[in-house]
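In: Coordinates for the following, if possible.
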Amino acid sequence: MAAVNPLKFLQEVRQEVSKVSWPSRNETLISTVMVLVFVLLASFFFLAADQLISWLVQLVLSIR
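Out: Just a heads-up that it's a prediction; the model follows:
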């Protein structure tokens, strides 16, 4: 295994980080809001599905 020079490694990391296209503050805010909205929609969907399945199971099990 080759020995890694920490200073060279940090220089290369800094060089690569400078190539990254970072999102603007506005893009980050919009993406965050979109994620939160979809999380809420998904949670309401799974809540409704869970309630429906629970109701169906109770209906089936209560019939003798």
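In: mind checking which helix or strand the residue sitting nearest the centre point of the chain is in?
Out: What sits nearest the mean C-alpha location of the chain, by CA atoms, centre = their mean, is Val35, with 7.4 Å. Element membership of Val35, judged by DSSP states H and E, is helix 25-62.
In: which of the residues in that helix are buried?
Out: Buried residues in helix 25-62, counted by 16 or more other CB atoms under 10 Å: none are found. In short, each C-beta sits where N, CA and C put it, glycine included.
In: helices and strands around it, which ones?
Out: Taking 3 or more CB pairs under 8 Å, 6 or more residues apart in numbering; DSSP states H and E as the contact definition, helix 25-62 has no neighbouring helices or strands.
In: Quick check: the residue nearest to the centre of the chain vs Glu27, distance?
Out: When CB to CB, to the nearest Å is the yardstick, Val35 and Glu27 sit 13 Å from each other.
In: cool, Gln15 as well?
Out: Counting by CB to CB, the gap from Gln15 to Glu27 is 24 Å.
In: Could you give the average pLDDT over stretch 24-43?
Out: Confidence over stretch 24-43 (mean pLDDT, whole number) is 98.
In: Check the offset of that stretch from the chain's centre.
Out: Computed by CA atoms, centre = their mean, to the nearest Å, the chain-centroid distance of stretch 24-43 equals 10 Å.
In: tell me the average confidence for stretch 51-63?
Out: 92.
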